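>>> Below: sequence and its predicted model.
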Amino acid sequence: FGRRSSAVPVQHVISAKAGIQQTPLRRLDSLFQGNDKWIIVISIVAAVLVSLTSIFPQILPESWRSLSGGGIIGNRAFLAAYLILAVGMSLYLFIIFNNKWRWLFLAMSVLFLYTIIDTGNRGALSGIVIGVFFGLTLCLFFIRHKKIKIWSVISLIVLCFLFLILLLSRQSLFWQKYFP
């Protein structure tokens with residue numbers, strides 16, 4: 001698509017002025033030319049509203065409420081799948097931004113994770129665990145920073161240990177009560 005110049009691309013200059021941190025996710029960040037992260041922010045705000053309708057269904061009109069839960073979406077499985085994408089987008093913005101807003105994105109991802117757990121959808125929970133495992137494994141092979149590799153190994157060991165505990169306690173009353 002043409003020749004590349006040796007000058008600094010405009011999106012990097014705009015990103016530096018907006019408080020964007022240079023991270024290993026710069027290749028993914030190059031999907032958005034300039035400062036187009038507002039699209040992701042709007043998607044996350046919409047996901048917050050959907051998540052709140054699931055946690056507090058009484059804020060919905062009576063005709064919109066679903067007996068099976070799931071907030072305004074109406075289905076717990078679809079809600080969990082939708083919020084998995086929102087968790088990924090909010091964590092992406094938490095990594096990219098280097099200002100006070102990044103902590104709001106982390107809080108939003110915690111809200112999304114709580115809502116996913118509240119849905120009781122085992123498929124979504126296993127998808128999150130498998131995704132984290134896959135992401136940490138990729139960090140071992142493709143990230144060059146030694147600290148990130150060490151934390152990835154520690155996280156993988158903890159994740160495997162938690163999986164072992166879950167496997168041994170799967171007949172527990174807690175799991176049967178909250179995740180039938």
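Received the coordinates, thanks.

>>> Figure out the helix or strand that residue 149 lives in.
For residue 149, the enclosing helix or strand under DSSP states H and E is helix 146-168.

>>> Show me what that helix is packed up against.
If you count contacts as 3 or more Cβ pairs under 8 Å, 6 or more residues apart in numbering; DSSP states H and E, helix 146-168 packs onto helix 122-142. To be clear about C-beta, it is placed using only N, CA and C from the backbone, and glycine gets the same treatment.

>>> And the helices in this protein?
For the chain, helices defined by DSSP state H occupy the ranges 10-17, 26-29, 38-55, 76-96, 102-119, 122-142, 146-168, 173-178.

>>> what angle do the longest one and helix 122-142 make?
In other words, helix 146-168. Put simply, helix 146-168 runs at 150 degrees to helix 122-142, going by axes from the mean of the first three to the mean of the last three Cα atoms, to 10 degrees.

>>> Give the buried residues for helix 146-168.
By neighbour count with 16 or more other Cβ atoms under 10 Å, helix 146-168 contains the buried residues 152, 156.

>>> how distant is it from the center of its chain?
Remark: helix 146-168 is offset 19 Å from the chain centroid, using Cα atoms, centre = their mean, to the nearest Å.

>>> re the thing from before, and the helix holding residue 149, average pLDDT?
For helix 146-168, the mean pLDDT works out to 85.

>>> Need the residues that contact it.
Applying Cβ atoms under 8 Å, 6 or more residues apart in numbering, the contact partners of helix 146-168 are 129, 132-133, 136-137, 139-140, 143, 175.

>>> Lowest-scoring secondary structure element of the protein by mean pLDDT?
helix 10-17 (a mean of 46; mean pLDDT, DSSP states H and E).

>>> who touches stretch 121-135?
In contact with stretch 121-135 (Cβ under 8 Å, 6+ apart) are residues 76-77, 80-81, 83-84, 87, 113, 116-117, 155-156, 159, 163, 179.

>>> And the average pLDDT for that stretch is what?
Across stretch 121-135, the average pLDDT comes to 85.

>>> Report the buried residues of that stretch.
121, 124-125, 128.

>>> and those as TSV, adding distance to residue 104?
Output for the buried residues of stretch 121-135, formatted as TSV (distance: Cβ to Cβ, whole Å):
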residue	distance to residue 104
121	26
124	23
125	25
128	21
